[in-house]
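Chemist: Sharing a sequence plus its predicted fold:
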Amino acid sequence: MSRKIGAGVGAAVALRGRGRVIDDNLEFISDTMTGSGTVDLGEITVLKKRLKEGEQAGELGVRFKESPPGADERTFEISFIDPKGAAANSGLKVGDVIVSIDGVDITRDGWSTGWTLLRAPPGTKLELGLARGTSVTVTLKAPS
């Protein structure tokens, strides 16, 4: 069985399965299969971590609505915007739902992908695509 993993934006692997960490930026997923033939796994997203070991993440300055217990789907719906935070004058509104970060779709099983992309050093510019059909750019601030 062969697997092709193309280069992507980024370093958590959006797959379920067994794996081991090769280095700080890549996780290798392996499964055992029997039989013969070709198996098309489709697209596999590999995200590079944006933070180095021990580095603090910048702050977006928002809080997200909590999903009800047992909910099948989680979203990045904004429930609060810190008036002194990075997102304060960005055009984000309470109730906005972030659907992509830097062009990466986070709507389908993308909860962990979204968190990986949001965890970046202060000064990082993030392009946030919104469900209302627009996008905003926010520069992460240093933690307060």
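Modeler: Arrived safely.

Chemist: Can you report phi and psi for the residue nearest to T107 when sequence neighbours are not counted?
Modeler: Excluding the flanking residues, the one nearest T107 by Cβ to Cβ, 6 or more residues apart in numbering is V99, at 5.1 Å. Heads up, the C-betas are built off the backbone N, CA and C, glycines and all. Main-chain torsions, V99, degrees, to the nearest 10: phi -110, psi -10.

Chemist: give the contact list for V99.
Modeler: For V99, the contact set (Cβ atoms under 8 Å, 6 or more residues apart in numbering) comprises 76, 105-107, 129-131.

Chemist: for those, which one is nearest D40?
Modeler: Lowest distance from D40 to the contacts of V99 (Cβ to Cβ) belongs to D105, with 20.0 Å.

Chemist: quick one: the nearest residue to that closest one once chain neighbours are set aside from K93, how far?
Modeler: Spatially, and ignoring its direct neighbours in sequence, D105 is nearest to V99 (6.9 Å; Cβ to Cβ, 6+ apart). Applying Cβ to Cβ, to the nearest Å, the value for V99 to K93 is 14 Å.

Chemist: Ok, T116 next?
Modeler: Look at T116 and K93: by Cβ to Cβ, they are 24 Å apart.

Chemist: Look at these two and report which has more neighbours.
Modeler: T116 (23 against 12; other Cβ atoms under 10 Å).

Chemist: T113: which element?
Modeler: Element membership of T113 [criterion: DSSP states H and E] is helix 111-118.

Chemist: L126 now?
Modeler: Per DSSP H and E: strand 125-130 holds L126.

Chemist: who does the helix or strand following that strand pair up with?
Modeler: Later in the chain than strand 125-130, the nearest helix or strand by DSSP H and E is strand 135-139. According to DSSP bridges, strand 135-139 has the following sheet partners: strand 125-130 (antiparallel).

Chemist: buried sites along the partner strand?
Modeler: Within strand 125-130, the residues that count as buried by 16 or more other Cβ atoms under 10 Å are 126, 128-130.

Chemist: Stretch 108-120 now?
Modeler: Buried positions in stretch 108-120, judged by neighbour count with 16+ other Cβ under 10 Å: 110, 113-114, 116-120.
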